[in-house]
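Trainee: Coordinates for the following, if possible.
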Amino acid sequence: MEKEKLERLSKAGWKAAGTEEFLGLSSAEAALVELRLRLSDKLKQRRRTMKLSQTAFAKSIRSSQSRVAKMEASDSTVSIDLLIRSLFGSGITLQELSETISDR
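Mentor: Model (predicted):
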């Protein structure tokens, strides 16, 4: 956020906070959210790189289009395990997965 805007909001009694503070997440919870987002983004990126529709990608990993859509949207009903298994099903290497989840 712009410095001037932050100053105006502060003078008006508002406080700027990060997502973690705003949602009241512990550092462990915030790390899990970040991990889920990174895995979901990587899955979507791989599908697009493979030039597959969600339906075709779902078929290749023996899932459904709606499940792939939920995985790509980081839906809370999708487990981290399923995201990782789907990435491996798409041909990702352990090295690529490691790079995806490591600190940027």
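Trainee: Quick one: residues contacting Glu20.
Mentor: The neighbours of Glu20, taking CB atoms under 8 Å, 6 or more residues apart in numbering as the test, are 27, 30. For the C-beta atoms, the positions are set from N, CA and C on the backbone; glycine is no exception.
Trainee: C-terminal to the helix or strand of the chain at the bottom of the mean pLDDT ranking, what's the next element?
Mentor: Lowest by mean pLDDT, DSSP states H and E among the helices and strands of the chain is helix 19-23, with a mean of 78. Scanning forward in sequence from helix 19-23 by DSSP states H and E, the next helix or strand is helix 27-49.
Trainee: and that following helix, what does it pack onto?
Mentor: Helix 27-49 sits against helix 19-23, helix 65-72, helix 80-89, helix 94-101, with contacts defined as 3 or more CB pairs under 8 Å, 6 or more residues apart in numbering; DSSP states H and E.
Trainee: again, only using 6 Å
Mentor: helix 65-72, helix 80-89, helix 94-101 (3 or more CB pairs under 6 Å, 6 or more residues apart in numbering; DSSP states H and E).
Trainee: Tell me the buried residues in that helix?
Mentor: 33, 36, 38-40, 42-44, 46-47 (16 or more other CB atoms under 10 Å).
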